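**Q** I'll drop the sequence and a predicted model, then ask my questions.
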Amino acid sequence: MINIIKSESIKYKRTFTRRLILLAPLFFVIIALPQRFFIPENYLRPWQLLIDQVYNWWPVIFIPLGTALFATLVDLQEKKAGNYRNLRVRNISPSGIWIGKIVLMAYHTLLATLVLFVSVIISGLITAGGDIPWIEIFTGGFILWFTSLPLIPLQLWASTWKGTFFSMAIGFIGLIGGVIAAPKSYWIYVPWSWPTRLMCPIIGVHPNGVPLELSDPLRNPSVIPMGVIMAIAALIIFTMITSILFNRREVR
C-alpha cells in the first residue's frame, strides 16, 4: 500500500490539481486584503465575525464543490496517465489503487485545511483585533476536514463512473441538500450536511449564515461526537463499497 501511495503521489507533482487544492483556502486572504484598504481607519472587525464567515462558507460551498472538482481532476489525470492500463500489465490490485487514491486525496485535503488555518490567521491579523481564538480555529477546521472525508470516495466514484459533469452535478446537489438538511432532524442521513451541521454549535451560526440565539437547539454540542462517529463509519463503508465496485469494473 505504501508503494501504491508513493506511486500515486508522483502523479500530483507539478500539477494544477495540487496547486488548486492548496491555493483555494487563500481565497479568504484575497478577500481580507481589499477590506483592509476600504474599512474606516482604526476600525477592526472582531475575530468572531471572520471565523463565522470562513467556517460557514467553507463547508457550505468549498467542501461539496471542491471535493467534486478535486475528484474530477484526479480522474482526468488518471485517464491521461493511461486510464488504469497498468493494472492489466502488472499484478496490482484495483482495490489497492482505489484506496491509495482516497488516502492521498484525504492527505491533500488535510494540507488544504492547514493552509486554511494560515489563511484565517493572516486574514484576522489584517482585519481583526484582539487575541487570536486558536482553539476555535483549529477545532472547527479539523472537524470540517474530518467530516468531509466520506465525500471523497463518493465523489471519486461518481467521476470515475460517469465523468466530470456527473461528479460536479453530485457536488452541486450535495451543496443544496447539505444546506437544507443541516438544520433539520434528518441531517445525519445526508453526508454533505455533516460539516455544516457540526459548525452550528462550534461557531454559533445557522447554515444560512445568520447567528444563532444562545437558546437555539442547533447549538447543542451533542451532535459533534455523533457526527464524528458517523464520519468514521461512513468513510470506511463508502471506501469498501466503492473499492468493490471499482475492482469489479477493472477486472472485467
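**A** Nice, I can see it. Numbering: from 1, shown residues only.
**Q** so what's the residue count around the spatially closest residue to L151 that is not a sequence neighbour?
**A** Once flanking residues are discounted, L151 sits nearest to T67: 4.7 Å by Cβ to Cβ, 6 or more residues apart in numbering. Heads up, the C-betas are built off the backbone N, CA and C, glycines and all. Other residues near T67 number 25, with proximity taken as other Cβ atoms under 10 Å.
**Q** just the one 5 residues further on next, same as before
**A** Around T72 there are 23 other residues, counting by other Cβ under 10 Å.
**Q** residues in contact with it?
**A** By Cβ atoms under 8 Å, 6 or more residues apart in numbering, the contact set of T72 is 155, 159, 164, 167-168.
**Q** list the buried residues for the helix or strand hosting it?
**A** Secondary-structure assignment from DSSP states H and E places T72 in helix 63-80. Going by neighbour count (16 or more other Cβ atoms under 10 Å), the buried part of helix 63-80 is 63-64, 66-75, 78.
**Q** TSV for those residues, including pLDDT?
**A** TSV is the format used below for those (pLDDT from 0 to 100):
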residue	pLDDT
I63	93
P64	94
G66	91
T67	93
A68	94
L69	91
F70	90
A71	91
T72	90
L73	87
V74	85
D75	84
E78	74
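**Q** between the residues you listed, which is closest to P150?
**A** Closest approach to P150 among the buried residues of helix 63-80 (Cβ to Cβ): T67, at 9.9 Å.
**Q** against I203, how distant is that closest one?
**A** With the distance defined as Cβ to Cβ, to the nearest Å, T67 ends up 21 Å from I203.
**Q** quick one: the strands in the protein?
**A** 45-46, 128-129 (DSSP state E).
**Q** for these, give me TSV that also has mean pLDDT, distance to S222 and mean neighbour count.
**A** Formatted as TSV, the strands of the chain follow (pLDDT from 0 to 100; distance: least, Cβ to Cβ, whole Å; neighbours: other Cβ atoms under 10 Å):
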stretch	mean pLDDT	distance to S222	mean neighbour count
strand 45-46	72	27	16
strand 128-129	74	30	16
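**Q** tabulate these (CSV), appending distance to I229.
**A** Converted to CSV, those look like this (distance: least, Cβ to Cβ, whole Å):
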stretch, distance to I229
strand 45-46, 33
strand 128-129, 34
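**Q** ok, the residue nearest to L151 - contacts?
**A** T67 touches 109, 148, 151-152, 155, 171, counting by Cβ under 8 Å, 6+ apart.
**Q** list just the nearest of these to V179.
**A** G171 (13.0 Å).
**Q** for the closest residue to V205 other than its chain neighbours, give me its contacts.
**A** Leaving aside its sequence neighbours, V205 sits nearest to D52 (Cβ to Cβ, 6+ apart; 4.8 Å). D52 is in contact with 203-205, 209, 211, counting by Cβ under 8 Å, 6+ apart.
**Q** no further questions, thank you.
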